[in-house]
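Asks: Model the structure of this input:
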Amino acid sequence: MASEKRFKPTVLWFTGLSGSGKSTISERVFEILKQQGYEVEHLDGDVIRDIFPKTGFSREERTDHIKRVGYLASRLQTHGVFVIGSFISPYQDARDFVRNLCDDFTEIYISTPLEECERRDVKGLYAKARKGEITQFTGIDDPYEVPEDPELTIDTTNKSVEEAVQEVLDFLSSTSK
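Replies: Okay, the predicted model is just below:
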């Protein structure tokens with residue numbers, strides 16, 4: 001399998017609203033890279049919050065959470081591990097902090113519009129946020145700062161998971177040496 005390797009290990013940082021498709025796409029990219037023989041780790045916001053359930057949702061708590069996870073991603077990448085990160089990571093300054101920690105960082109903005117994310121919401125979180133049952137919910141009563149200059153932007157509104165995954169792989173191919 002090692003002969004299939006053609007990408008330089010990097011941190012692929014998927015960001016976007018809840019329901020945008022970032023976890024689904026990043027999980028599939030992870031599976032493909034693993035099948036190709038890469039050392040790869042997938043860091044997903046929901047999974048990490050399950051491990052650390054007291055992580056809060058204020059701006060300061062979210063920023064600290066992203067900085068901690070970003071530090072972990074940077075250390076893994078320094079040691080030759082491909083890191084797939086999937087986090088709402090709503091604040092530009094926190095994403096910039098992570099970018100500056102990493103030797104090689106690729107920001108992938110899953111730009112699916114709020115209306116589409118709400119339509120897909122299988123957990124009913126947007127509905128709860130609209131009713132005030134959940135507060136500090138990104139896109140409703142807490143801002144999502146659109147990335148200023150992502151390396152890749154994908155709107156999944158009219159795109160299959162496989163098409164989005166292929167865009168990521170094509171991007172990696174276009175930037176590999």
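
Asks: pLDDT weak spots in this protein?
Replies: Per-residue confidence for the chain (pLDDT under 70) gives these ranges: 1-5, 177.

Asks: quick one, strands of it?
Replies: Here the chain has its strands, by DSSP state E, at 11-15, 40-44, 82-86, 105-110, 152-154.

Asks: neighbours of the closest residue in space to Gly70 that isn't next to it in sequence, just the number please.
Replies: Nearest residue to Gly70, sequence neighbours excluded (Cβ to Cβ, 6 or more residues apart in numbering): Val98, at 3.1 Å. Just so you know, the C-beta spots here come from the backbone N, C-alpha and C atoms, and that holds for glycine as well. Close neighbours of Val98, defined as other Cβ atoms under 10 Å, add up to 23.

Asks: if I look at Val98, how far off is Phe87?
Replies: Distance of Val98 to Phe87, given as Cβ to Cβ, to the nearest Å: 9 Å.

Asks: same check, this time on Gln36
Replies: Distance from Gln36 to Phe87, by Cβ to Cβ: 24 Å.

Asks: Mind naming the longest helix for the protein?
Replies: Using DSSP state H, we find that the single longest helix of the chain is helix 59-78.

Asks: Pull the number of nearby residues for the closest residue to Thr153 other than its chain neighbours.
Replies: Leaving aside its sequence neighbours, Thr153 sits nearest to Tyr109 (Cβ to Cβ, 6+ apart; 4.7 Å). By the measure other Cβ under 10 Å, the count of residues near Tyr109 is 22.

Asks: Go ahead and confirm Tyr109 touches Tyr144.
Replies: No: at 10.3 Å, Tyr109 does not count as touching Tyr144 under the criterion of Cβ atoms under 8 Å.

Asks: And the helices in this protein?
Replies: For the chain, the helices defined by DSSP H cover 22-35, 45-51, 59-78, 92-101, 114-120, 125-130, 161-175.

Asks: tell me the contacts of Lys34?
Replies: Val40 (Cβ atoms under 8 Å, 6 or more residues apart in numbering).

Asks: Tell me the span between the first and last residue of stretch 41-57.
Replies: Stretch 41-57 stretches 24 Å from its first residue to its last (Cα to Cα, to the nearest Å).

Asks: which residues are contacting it?
Replies: Residues contacting stretch 41-57 (Cβ under 8 Å, 6+ apart): 23, 26-27, 30, 61-62, 65, 69, 72-73, 76, 81-89, 135-137, 142.

Asks: Name the residues contacting each of Val98 and Phe87.
Replies: Trp13, Ile66, Val69.

Asks: Who wins on neighbours among the residues you listed?
Replies: Within the shared contacts of Val98 and Phe87, most neighbours by other Cβ under 10 Å means Trp13, with 30 neighbours.
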